[in-house]
Every structure is written in structure tokens, then in C-alpha cells.
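Engineer: Return a 3D structure for these sequence lines:
(2 chains)
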Amino acid sequence: MAQFNSLLLFLALSTVVVVAFVFVARSTRNPAEVPYGAVTGVRRRLFWVMSVALLGFLGLTLPLLPYPHADQKPDRVVHVRARQFLFEFSDKAFPEGDGMAVPAELPPVKAGELVEYRVSAVDATHGFGIYNEKGDLIHQVQAMPGYVNRLRVRFPSAGTFQVLCMEYCGVGHHVMRATIEVAAN
Amino acid sequence: MSTESVTTQLPPAQEASLKKLTLIWVLTMLALFPILALLGGLMRSAQANLVTNLPADRFYSFMTLHGVGMVGTWFVAAMAGAVFCLRRYVAVSVKVNWIAYFGTLLGVVLLLACTLIGKYGAGWYFLYPLPFKAMGAWEGWATATFFATLGVLGVSWTLWSLDLVRAIAVKYPLSAALGWDCIRGKKDAQEVPPSVLISLVATLANLVGLVTAVVLLVLLAIEHLGGGTPNDALLLKNLTFLFGHLLVNITLYFGVAMVYELLPAYTGRAWKNNKLIAIAWNIVLLLVILAYFHHLYMDFVQLRWMQLVGQISSYMSAIPAAVMSIFGALANLYRSKMRWTMASSLLFLGVLGWTIGGIGAVIDSTVAVNLLFHNTLWVPAHFHTYFLMGLTLMVLGGCFHIAEALSGEIEKKWLSKLVLVLMCVGGYGFLLMFYISGADSVPRRYASYSPDIAQGIIHAKIATAFVAVFLVGLLIYIWETGRRCVRAFRAV
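Structural biologist: Numbering: from 1, shown residues only, chains lettered A, B, ... in the order given. Coordinates of the predicted model:
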């Protein structure tokens, strides 16, 4: 939904811009001297409209940062390690080194609980992108060697969610994926 | 016969040499652009399943060549065009300009070798440590050659940039050239054309980016040649994106400098520097550097204040661009006796593309939105808008202006209209598919799409058709501009 709204906003604003440019282009059919004061007046209005709009959007969107809050405690922690070209999941921290972990069956996460994915990588930088069953990207974070990025997710409902690699990581980038099973709470 | 009547700061022999060099730059761009565009079309065709026998390693090496090639081609074309316009005010070193040309050519040869022969495919932004994690897709020599490419291009372009700063500083004190005297309201402040101010801002920011690239290359050399420990991936990512972000943005500014310089010749109205333009471009110099943080929003380990500065500076940078440059261009045009030619129409359409690209960019520079758009096709959507329908059209307009003026051969109106229609329909159709794909969460940089991303395949099919339309317009433009350049070259 947010993606669709952003696309609509983009198309709407682009249409306004195109209309303005066409208006100006057509005005050259009737050339005339334009008073400097009229031009500066329009420019001043444009400045204020843009400044207010941009400050307004800053005010609305800056509180919505996706970064974890220190005072929030996750219900479940899942460790994720990305490597060319697969994701490994574990309930425990991965040992030092870049050897493959022994695959283990993880209990599914539960809908509604706050899950913290601690995401890292062993080789290149990858991207950990979570897609819902409709194919919409709902969360993502980078997976970088030497760092652990903490992504907190609350799945709204049970289902099967796909993980796609969102950062170009080499020749297998487009086939690098995983599955997250979310159980009902 | 040339119809150009611009004064020049260069003595006659150097003026002739710079004219020849500029024509060679234009012809080089006209040769490289369609090849690189075809590579891009091939990539979209592969994503559309129209081309099914392109192996992934080839796809990604073409992607790397397309990215580095396009960024490099448009940087040199924009800078060469700006230098040509600026010769009216400052005396550049024509020798250094020739060195920059041959250095660029050498870089192109090295790039072709590492990508086409070596199949180097780490992407144009070579995100550490991927160049060294080929997984057999490319050899070590290809990686080394790629970094040699960057070294050669970096040295050539640094010399070129320093010469431009030198030439400006010889004519104008720094306080005048950056508009500080004008801002302070200094009496008898030296009048500085806006194209000089903008080019200086662009070059200073470019030098920051080039120094960053040097630091990057040195750190990599220490790790891989000096036996050093692995570098810090987050530090290198910051350096890489600072370099890349600055390079593409200042390329756009050189295009804008050409608009400031050339548009008045078609509208018949002067576009002089003033206090507000000077303030705007000084703000741009600061904001363009700070805004690079918007490339690292999805690195949650990045310092929080950097993320906030990234969004704030990205938003704020829209104001000087829109209020001074874009509005200024429209005000210069409004009810003027505008001569609508292919050159002036391309300049106008380039400003339009820049504006539309800016809308997509500001939306994506919102952290909360970036969570859902980062590394989807929304990202190539907005930067292709800036570059293809913004900067490229500005530079193509400038190049046709130069070709027409130096050859004396006036355009054929019906052919010019055909070119403009084909490029606009083809270009915006191609871009719309990127935006729709991005909103549909289709990831970027995928050699192919699996059935659960079927919408990506459909959008790519439609995009490929629009690419074909654009290319027809481009080929006509190349023919019309190229033969005028050859004619002008013989006459110089």
C-alpha cells in the first residue's frame, strides 16, 4: 500500500510539473516583457510552498525510522548469516569464522511477536529483504561482513514469507533466497 | 561554414585546437552512448525473457560496463561541453584537456578489456569486498584491470578538474567566483557568469569525490598488495558512495551550467548571476556532500545522526534546485521570443527530466519509504530519469548547439521534431516501467526473474519496446549531429 501511494504521489506531482512546463512553453507563442516583480513574487511563493511541504513531510516521516529502539525488547531473536548465495538461520549466535553452520530446523516465528533478526554476512555485502505472500517487500536490511544489523519485524499474520537478496552480491544474486514460516500466535 | 560568434579567452591556435577536441569529445560520446544503451536494452531484454541465452556472468559484466560506461561517458561529455562554453570567460589549458581525452580513452580500453574479456562483474560501484569475491565469475586480473581503469580515469579527471579551477581562479578571485562578494553585497563586485559559479561548485565537489576515490584505492591496495588486514566494510561503503554520489550529481550540474549558458541565446533574455543564485549554489555545494548518507539508510549500524542528516539534506537540496535553477529556466523562457530548435528543445526537456527525476529521488530519500524502495527498480527509475531524460538531453542539446554552430548547417525541422517525439515517448515509457516495477517491489540487478516476480518480466517486455523507440530517435540524432561534427572538424 505504501509503495502504491508513493507511486501515486510521484505521478501526481510529475503531472503538475509537466502541466507547468507545457504552460511555460506555450506562453512563448505570445512573447511579452514580464515584470521582474511578478517573477520574484511567484518564486517567493514557490519557495514557501516547497519549504513548508518539505518540512511537513520531514516532520511526518522522521519519527517513522525503521531502526530498533533501545527500550524495546524483542520476543524472539533469530540470527541470520548471508553468504554467496544463501541465507543461514539460527536461534544461537553463529560461531566465529565463516564455516557453514549445520542446518537446523528452527521453530517458526509467531505472528504478532516482535522478532529481531540479527543479520550479518561472511563474504560480500548482501541484502535481507522480506516479502509477504502478495509479493510486496515489507522489510529489509543490509547484511554486511563484520557487522550485525538488527532488523525488528512484527509479522501481521501467519503465512510463508520469502526472503530475497536485495544487494548485488555476484553471479548468483538473483537466485539467492530463503523462506520464513510464520505460525499463528 | 561556422555561424558561431562567441568571444573566447584563448589565442587563435588554441581556440582551434579546443574546437577540434570538443568535436572529438562529441563524436566519442556519439559512438559510446548507443553501444552502452544497447547493452542496457539487452539487459532489459534478458529480464523480459526475450533473450534467453545470456548467462548470468555475462549479464552482470554487461551491467558493470553499462554502469561505469554511462557514468563516465556523461561526465566527460558534460564537462567537455561546459569547458567549451566557459572558454568565453576563462582560458583553460588546451594541453591538459587533450591529456584528459587520451587518459579517458585509455580508461575506456581498460574497462572494455576487464568487462568484455575478463567478465568483471562487480557492478559500477564495486561495493567492497565483492570485487574480490568473484566465485569464479571473473579472474583476478580483471579485478586489477578494473581498479587500474579507475586509477587512470581518476588521474586524468583530477588534472582536468584542477586545470578548470586554475583557469577560473586566474580570472576571478575565489570570493568572486563562488559568489561570496555578491552575497556580501560588496560594491563593485566582479560580475561572474552563473555558468562559471556552477562549474566551480561542481568541480570543487568533484575534487572531494576524486580524493575520496584515491583514499579508497589506497586502502584496497594496502589490503591486497601490502599484506594488510581486511578493510572495514562500512567505512569503504561510505567512501564508495561519497565518491559515486558526487560524481553523478556534479555531472548533472555541468549539464545545468550549459543550460544557464545556452538557454539565453535562444530566449534572447540574459540570465545573470545574482545574490540568490550565489546563495543557492553555495548551499548546493554543502548539501550535495552531506546528502550521500541517503545511500546507506539500510545499514542500520550507520550512526543515527548520519541517517537523519541524509534525509534532511536530501530534502533541502530540492529547494535551491527548484526555486533558483528550474524556476529560473522557466522564468527565462516564459513569454520570451524563444527560438524552438532541436538544441533548445533538448535543453528545455532536460530541465523537465531533471525535475521529474528529483521528485522520485526525494520520495526515495525518505528513510521510511526507502525501507520499501531501496534496491528495487525504483532506484534505477529515478536515477535514469535524472540521467537519461535530464542530463543526457541537456548535453545532447548542448552538443547539437555546438555541432550546428561550428558547421553552419541548420537543422531540418521535421527531423528534429521526429527525434524529440521518439526520445520522449521512448524514454518516458522506458522509465515508467521502472517506476511501476519498483512500486511492485521488483528487486534491481537481477539477471532474470523467477515466476513469483512475473510482473518484472512483463514490465521488462514493455520497457524493451520503449527502448527500441528511443534508440530510433537516438540514431537519427547521432547521424544528424555526427555528420555536422565531421563537417565542422574539417572546417576548423
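
Engineer: Low-confidence stretches in the chain?
Structural biologist: Since no chain was named, I'll use chain A. A:102-104 (pLDDT under 70).

Engineer: was after chain B, sorry
Structural biologist: Ranges of chain B meeting pLDDT under 70: B:1-5.

Engineer: and the next element down the chain from the host helix or strand of B:Val395?
Structural biologist: Element membership of B:Val395, judged by DSSP states H and E, is helix B:393-407. As assigned by DSSP H and E, the chain's next helix or strand after helix B:393-407 is helix B:413-439.

Engineer: Number of residues surrounding residue 58?
Structural biologist: All of this is about chain A. Residues within reach of A:Leu58, counting by other CB atoms under 10 Å in any protein chain shown, total 16. All C-beta atoms are positioned from the backbone trio N, CA, C, and that covers glycine.

Engineer: Can you look at chain B instead?
Structural biologist: For B:Arg58, the neighbour count with other CB under 10 Å is 19.

Engineer: Tell me how far it lies from chain A.
Structural biologist: Using CB to the nearest CB, to the nearest Å, we find B:Arg58 at a distance of 10 Å from chain A.

Engineer: My guess is that residue contacts B:Lys119. True?
Structural biologist: Yes - judged on CB atoms under 8 Å, B:Arg58 makes contact with B:Lys119 at a distance of 6.8 Å.

Engineer: Domain map for chain A?
Structural biologist: A:2-64, A:76-183 (automatic domain parsing).

Engineer: hmm, back to that, CA atoms only: put the helix holding B:Val395 into CSV for me.
Structural biologist: Taking C-alpha atoms only, helix B:393-407 is exported to CSV below (Å, rounded to 0.1, in the frame of the first residue of the first chain):
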residue,chain,number,x,y,z
LEU,B,393,19.0,15.6,-23.0
MET,B,394,20.8,18.7,-21.7
VAL,B,395,24.1,17.5,-23.0
LEU,B,396,22.6,16.3,-26.3
GLY,B,397,21.1,19.8,-26.7
GLY,B,398,24.5,21.4,-26.0
CYS,B,399,26.2,19.1,-28.4
PHE,B,400,23.7,19.8,-31.2
HIS,B,401,24.1,23.5,-30.5
ILE,B,402,27.9,23.2,-30.8
ALA,B,403,27.7,21.0,-34.0
GLU,B,404,25.2,23.3,-35.7
ALA,B,405,27.1,26.4,-34.8
LEU,B,406,30.5,25.2,-35.8
SER,B,407,29.3,23.5,-39.0
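
Engineer: right, quick check: it against chain A, any contact?
Structural biologist: No - applying CB under 8 Å from any CB of the partner chain, one finds helix B:393-407 separated from chain A by no less than 12.7 Å.

Engineer: Most tightly packed of the domains of chain A?
Structural biologist: Among the domains of chain A, domain A:76-183 has the highest mean neighbour count (mean count of other CB atoms under 10 Å in any protein chain shown), at a mean of 19.

Engineer: The helix holding B:Val395 versus helix B:413-439: what angle between them?
Structural biologist: Here the directions of helix B:393-407 and helix B:413-439 differ by 160 degrees (axes from the mean of the first three to the mean of the last three CA atoms, to 10 degrees).

Engineer: Output the contacting helices and strands for helix B:393-407.
Structural biologist: If contacts are counted by 3 or more CB pairs under 8 Å, 6 or more residues apart in numbering or on different chains; DSSP states H and E, helix B:393-407 sits against helix B:12-47, helix B:56-86, helix B:233-267, helix B:342-364, helix B:454-491.

Engineer: would a markdown table of the ones you listed with distance to A:Arg150 be doable?
Structural biologist: Putting the helices and strands packed on helix B:393-407 into a markdown table (distance: least, CB to CB, whole Å) gives the following:
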| stretch | distance to A:Arg150 |
| --- | --- |
| helix B:12-47 | 33 |
| helix B:56-86 | 30 |
| helix B:233-267 | 15 |
| helix B:342-364 | 23 |
| helix B:454-491 | 30 |
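
Engineer: Which among these is found nearest to A:Leu46?
Structural biologist: Closest approach to A:Leu46 among the helices and strands packed on helix B:393-407 is made by helix B:342-364 (12.2 Å; CB to CB).

Engineer: elements contacting the closest one?
Structural biologist: Using 3+ CB pairs under 8 Å, 6+ apart, helix B:342-364 sits against helix A:2-27, helix B:233-267, helix B:304-320, helix B:327-333, helix B:367-373, helix B:378-384, helix B:393-407, helix B:413-439.

Engineer: which residue sits farthest out from the middle of chain B?
Structural biologist: B:Lys187 (37.1 Å; CA atoms, centre = their mean).

Engineer: And what about that one, helix, strand or coil?
Structural biologist: With DSSP: H, G, I helix; E, B strand; the rest coil as the basis, B:Lys187 sits in coil.

Engineer: Phi first, then psi, for it.
Structural biologist: Main-chain torsions, B:Lys187, degrees, to the nearest 10: phi -70, psi 150.

Engineer: where's it relative to chain A, distance?
Structural biologist: Using CB to the nearest CB, we find B:Lys187 at a distance of 22 Å from chain A.

Engineer: again, but for B:Leu39
Structural biologist: Distance, B:Leu39 to chain A, using CB to the nearest CB: 16 Å.

Engineer: Not counting sequence-adjacent ones, nearest residue to that residue?
Structural biologist: Distance criterion CB to CB, 6 or more residues apart in numbering or on different chains; nearest residue to B:Leu39, sequence neighbours excluded, is B:His66 at 4.4 Å.

Engineer: and the end-to-end length of stretch A:141-158?
Structural biologist: This stretch, stretch A:141-158, spans 22 Å end to end (CA to CA, to the nearest Å).

Engineer: give me the number of residues near B:Val395?
Structural biologist: When neighbours are counted by other CB under 10 Å, B:Val395 registers 29.

Engineer: thought it was touching B:Gly81?
Structural biologist: Yes - if you go by CB under 8 Å, B:Val395 and B:Gly81 touch, sitting 5.8 Å apart.

Engineer: Name the residues contacting each of these two.
Structural biologist: Counting by CB atoms under 8 Å, 6 or more residues apart in numbering or on different chains, the residues touching both B:Val395 and B:Gly81 are B:255, B:258.

Engineer: Name the residues of the stretch 151-300 of chain B found near chain A, please.
Structural biologist: B:230, B:232-234, B:237, B:298-300.

Engineer: Apply 6 Å and report the result again.
Structural biologist: Counting by CB under 6 Å from any CB of the partner chain, the residues of the stretch 151-300 of chain B lying close to chain A are B:233, B:298-300.

Engineer: Quick one: closest of the domains of chain A to B:Gly360.
Structural biologist: domain A:2-64 (5.7 Å).

Engineer: and that closest one with chain B, contact?
Structural biologist: Yes - Domain A:2-64 reaches chain B (CB under 6 Å from any CB) through A:2-3, A:6-7, A:10, A:13-14, A:17, A:21, A:24, A:27-28, A:31-32, A:34, A:39, A:43, A:46-47, A:50, A:54, A:58, A:61, A:64.
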